[in-house]
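Novice: coords please:
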Amino acid sequence: MREQITSNPIAASLASPDTRTCLADLERLAPKIGMAEVRLDLMHTFDIEKLVAASPVPLIMTCRPKRERGNYDGPEPGRLAILRRALECQCAYIDVEAGSLDAVSGWRGSPTQIIASQHWFDRMPRDLGKTYLDLRDRCDVVKLAGMAESATDVLPLLGFMRDATTPVIGMAMGELGTCTRILSPTFRHSLLTYGSASTLAATASGQVTVDELADTYKLQLVNAATKVHVHITSTDNQFRAVLAVQERVAGGTELHVSLRTEPCCDTAALADSVRRTLPGAEVEVAA
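Specialist: Numbers count the residues shown, from 1 in each chain. Below is the predicted model:
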């Protein structure tokens, strides 16, 4: 079973301007999500206590600083105080950058769990497993995300997810990494995958909407027992064909995902690499 506090792995990532709008977004999305991430750094005003008390789903709260591509540009003690308040209000999780983990490790007196995040916005490291092992025993959930600049860049991320033995969140950012967001719930120790509230409200590159995750891919029904089909595609027509197949299958039984690549790519070699990384998956090159 997936190690999470809800059976639905879809989490909305929200950048609402204020508390009222955020709660309205949560109510609208609640039937399709199991959790939600509230990006406090992207809100103009917020009432953490009210958000936690009134939310229809468990909340992850984070406050990203400018150095981590967030919007918080105040003093570090002030940012940590915001996260401390979220913990005191007993949200489900707070998401803290790996570099700030030592500052929060001594916080006690709350059931709130800690997600330790590490992002690489300009590359995909090949040694994600080492970073995972460095963080694993210092937090409740390890979250690793790197930028995918080619189809092969998704392989280290998928390997990390495959080999994890504790709760994790993982994604390859960018359009070429979107498949990892869809495949995430098929890994035994994956906690969740993020979706945006709408097409125009994405909080990260390569993110797809909650509606697409729930209605097209039916990820609320997907788990480690779901049969995975990875289709290597290089054209929009091939991508649409994969979507058509996915829309016909019974939810949770099969998951058909497109791994996009360039037409000049050695697709046979890529397919072999994916098979080695995901030994239980069916992998084919789209005709």
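Novice: all helices of the stretch 1-150 of the chain, in order?
Specialist: Per DSSP state H, counting those that start in this stretch, the stretch 1-150 of the chain carries helices over the ranges 19-29, 48-54, 76-88, 101-104, 128-136.
Novice: What residues does the residue positioned nearest the centre of the chain make contact with?
Specialist: Closest to where the C-alpha atoms of the chain average out (C-alpha atoms, centre = their mean) is T193, at 3.5 Å. Residues in contact with T193 (C-beta atoms under 8 Å, 6 or more residues apart in numbering) are 9-11, 169, 171, 181-182, 184-185, 213, 219. In short, each C-beta sits where N, CA and C put it, glycine included.
Novice: Give me the distance between A24 and A54.
Specialist: 11 Å (C-beta to C-beta, to the nearest Å).
Novice: do E149 as well
Specialist: In terms of C-beta to C-beta, E149 sits 41 Å off from A54.
Novice: which residues of the stretch 151-287 of the chain fall in strands?
Specialist: For the stretch 151-287 of the chain, the strands defined by DSSP state E, counting those that start in this stretch cover 168-173, 193-196, 227-233, 254-260, 282-285.
Novice: could these be laid out in TSV, adding distance to L42?
Specialist: Below are the strands of the stretch 151-287 of the chain laid out as TSV (distance: least, C-beta to C-beta, whole Å):
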stretch	distance to L42
strand 168-173	17
strand 193-196	12
strand 227-233	33
strand 254-260	28
strand 282-285	37
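Novice: show me where pLDDT drops low in this protein?
Specialist: The model of the chain has pLDDT under 70 over residues 1-6.
Novice: Please repeat the previous calculation with a cut-off of 50.
Specialist: Per-residue confidence of the chain (counting by pLDDT under 50) places the weak regions at 1-3.
Novice: How about V104, nearest residue that isn't a chain neighbour?
Specialist: V96 (5.4 Å; C-beta to C-beta, 6 or more residues apart in numbering).
Novice: right, and that neighbour touches L83 too?
Specialist: Yes: between V96 and L83 there is a contact at 6.4 Å, judged by C-beta atoms under 8 Å.
Novice: list residues touching both of the two?
Specialist: Counting by C-beta under 8 Å, 6+ apart, the residues touching both V96 and L83 are 62, 104.
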